[in-house]
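[1] Sequence and predicted structure, then a few things I'm wondering about:
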Amino acid sequence: MTSSLVWSLLGGMVIGVAASVALLGHGRIAGISGTVARATHADGGASYRVPFLAGLMLTGLVARWCWPGALGAAVAPMSTMVVAGLLVGVGTGLANGCTSGHGVCGLARLSPRSLAAVVTFLVTGAITVAVAGALS
């Protein structure tokens, strides 16, 4: 097996375990967009959301520090990435979730709504790549 395949398998297992712990241990779906959206609510949910999000960001920083070449360089200007991030935020709002909530947790629960969302994500992503490639 190649090194990238091994790392991909390990990463997938870690994501699966994390999603399982969130669902079985806390009764919550590990949907990142929903976690971000509700992190500032005054309903007391920030007690787990803020540390969870901080852990995600800290993990990225640690990975960047420990393995600087593993994450690669930015592939687009910062302005493009900001606009893309905002569009992803709008899309996750329209879809009532993101790839982590629908793709990891929803599909595992055999949710038809999550299947429709994931197919929409994939088709939209493929169209976006094709159009962006044609324009550049």
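    Good, I have the coordinates. All of these numbers come straight from a predicted model, not from anything done at the bench.
[2] what's the burial count for G93?
    13 (other CB atoms under 10 Å). Every C-beta, even on glycine, is put in place using the N, C-alpha and C of the backbone.
[3] Same question for T59.
    10.
[4] what's it sitting at in phi/psi?
    Dihedral pair for T59: phi -60, psi -40, per degrees, to the nearest 10.
[5] Roughly how far does it sit from T40?
    Remark: distance between T59 and T40 (CB to CB, to the nearest Å) = 21 Å.
[6] what do you get for P51?
    In terms of CB to CB, P51 sits 14 Å off from T40.
[7] ok, now A70?
    Taking CB to CB, one finds A70 at 32 Å from T40.
[8] cool, G125 as well?
    29 Å.
[9] where does the chain dip in pLDDT?
    1, 44-46 (pLDDT under 70).
[10] Can you find which helix in it contains the most residues?
    helix 112-135 (DSSP state H).
[11] Show me which positions of it end up buried.
    Across helix 112-135, burial judged by 16 or more other CB atoms under 10 Å covers 114, 117-118, 121.
[12] Likewise for stretch 14-24?
    Result for stretch 14-24 [16+ other CB under 10 Å]: buried residues 19, 22-23.
[13] Over to stretch 82-93?
    T92.
[14] what's the distance between it and the middle of its chain?
    12 Å (CA atoms, centre = their mean, to the nearest Å).
[15] do the same with stretch 80-100
    10 Å.
[16] can you check stretch 48-62 too?
    13 Å.
[17] so where do the helices sit in the protein?
    Under DSSP H, the chain gives helices at 3-20, 26, 32-38, 46-66, 78-94, 107-108, 112-135.
[18] Alright, that wraps it up for me.
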